[in-house]
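[1] Just need the structure, nothing else, for what follows:
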Amino acid sequence: LFTSFPSAKQFFNQFRHIDDPEEMKASVQLKKHSLRVMGALNSLVENVHDGEKTAEVLKVVAKSHAVNHNVEPGYFRLLAGVILEVLVENFPETFDKEAQGPWAKLMEVVDWHVMQVYADIGWASKKSAAE
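    This next block holds a predicted model:
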């Protein structure tokens, strides 16, 4: 994410100053955050047939990122694309076109829920008021 979209580092006080990709990979804070992201994704996959659980997980994540960290919602979409790319690169035999379809759909669901939460908290009006 940070290689393709270095502006995403602005939301991470712990490693926004790190420019060296190898140093980023070694960052304990980045590893912890990555584990939280993958934990949330795991929860979504485990509860894929439970719309209420999916909505609740995404509501908590989106609201936290909007309210506590001022993360623009488009970064969720960027991260989703990066996650899919990493899965393709690391698991080319098993993460084929057939597997990519459901994952892409899951990322669309994530995006929809995130955008709903941002709309519910008035993100657009906050942004336009600041401009």
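
[2] Mind pulling up the pLDDT for residue 18?
    At residue 18, the model reports a pLDDT of 75.

[3] Quick test: name the residue nearest the centre of the chain.
    Against the mean C-alpha coordinate of the chain, by CA atoms, centre = their mean, the closest residue is residue 76 at 4.1 Å.

[4] can you map out the helices along this structure?
    For the chain, the helices defined by DSSP state H occupy 21-26, 28-46, 51-63, 74-90, 97-120, 123-130.

[5] if we can go back for a sec, I'd guessed the residue nearest to the centre of the chain sits against residue 64; true?
    No. Residue 76 is not in contact with residue 64 according to CB atoms under 8 Å; the separation is 12.0 Å. Any C-beta I mention is one placed from the backbone N, CA and C, and that applies to glycine too.

[6] Residue 44: what's it in contact with?
    54, 57-58, 106, 109-110 (CB atoms under 8 Å, 6 or more residues apart in numbering).

[7] let's see it at 7 Å
    54, 57, 106 (CB atoms under 7 Å, 6 or more residues apart in numbering).

[8] For burial, what's the neighbour tally of the last one?
    Other residues near residue 106 number 18, with proximity taken as other CB atoms under 10 Å.

[9] Please apply the same query to residue 60.
    Residues lying near residue 60 (other CB under 10 Å) number 12.

[10] now do residue 54
    If you count neighbours by other CB under 10 Å, residue 54 ends up with 20.

[11] Could you do residue 30 as well?
    19.

[12] What does the pLDDT read for it?
    80.

[13] And for residue 122?
    Note on residue 122: pLDDT of 90.

[14] burial count for it?
    By other CB under 10 Å, the burial measure for residue 122, its neighbour count, is 11.

[15] who's in contact with the spatially closest residue to residue 62 that is not a sequence neighbour?
    Distances taken as CB to CB, 6 or more residues apart in numbering place residue 117 nearest to residue 62, at 3.7 Å, with adjacent residues excluded. Each residue near residue 117 by CB under 7 Å, 6+ apart is listed here: 59, 62-63, 66.
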